[in-house]
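Chemist: Sequence first, then the predicted structure, then my questions.
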Amino acid sequence: MKLVANIDGASFGNPGASGLGVVLQDSEGKILVEHFEHLGHGTNNRAEYLALLRSVELAHKFGTDELEVRSDSQLVVSQMNGLYKIKNRDLQTLVREIREKIKNSNFKFSIIHIPREFNKAADKLAKKGAGLDV
């Protein structure tokens, strides 16, 4: 069973109040989970990566054999696909944790960039997690 996760992170003040949003769907587009989370004070990049981590954890709970993650963060997608280096040590640690969870989950993983206008549901959840009334 293939799952698709749209993810987003939000930070207001950057750093500032931050949150994450994940919309997990089956391959036919049926929404399985809409998840948001308050992350406290942090950066947008940290929120984006925590959204990715949460999507991997949620997909693992569903026992998927394939996860396609869709993100409007060109930076996160490029870093996860090995096109850009990750210079921030905290983010390096987070990415190692994400990669380890993917490896231990035994599912095929891919991450692709999508335009912001196709990520509105995850964006709304991330803003809600950050404490914004949306």
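Modeler: That came through, no problem.
Chemist: low pLDDT regions in this structure?
Modeler: 133-134 (pLDDT under 70).
Chemist: again, only this time at 80
Modeler: 132-134 (pLDDT under 80).
Chemist: tell me, how many neighbours does the nearest residue to Ala130 once chain neighbours are set aside end up with?
Modeler: The shortest distance from Ala130 to any non-neighbouring residue, by C-beta to C-beta, 6 or more residues apart in numbering, is to Gly19 (3.5 Å). For the C-beta atoms, the positions are set from N, CA and C on the backbone; glycine is no exception. When neighbours are defined as other C-beta atoms under 10 Å, Gly19 has 26 of them.
Chemist: can you give me phi and psi for Gly19?
Modeler: phi -150, psi 170 (degrees, to the nearest 10).
Chemist: What of the one 3 residues further on?
Modeler: Comment: the main-chain dihedrals of Val22 come out as phi -140, psi 130, following degrees, to the nearest 10.
Chemist: Quick one: residues contacting it.
Modeler: By C-beta atoms under 8 Å, 6 or more residues apart in numbering, Val22 lies in contact with 5-7, 33-36, 51, 54-55, 58, 122, 125.
Chemist: Identify those among those that sit within helices.
Modeler: 51, 54-55, 58, 122, 125 (DSSP state H).
Chemist: and these as JSON lines, adding neighbour count?
Modeler: Output for the ones in helices among the contacts of Val22, formatted as JSON lines (neighbours: other C-beta atoms under 10 Å):
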{"residue": "Ala51", "neighbour count": "31"}
{"residue": "Arg54", "neighbour count": "22"}
{"residue": "Ser55", "neighbour count": "29"}
{"residue": "Leu58", "neighbour count": "18"}
{"residue": "Ala122", "neighbour count": "29"}
{"residue": "Leu125", "neighbour count": "25"}
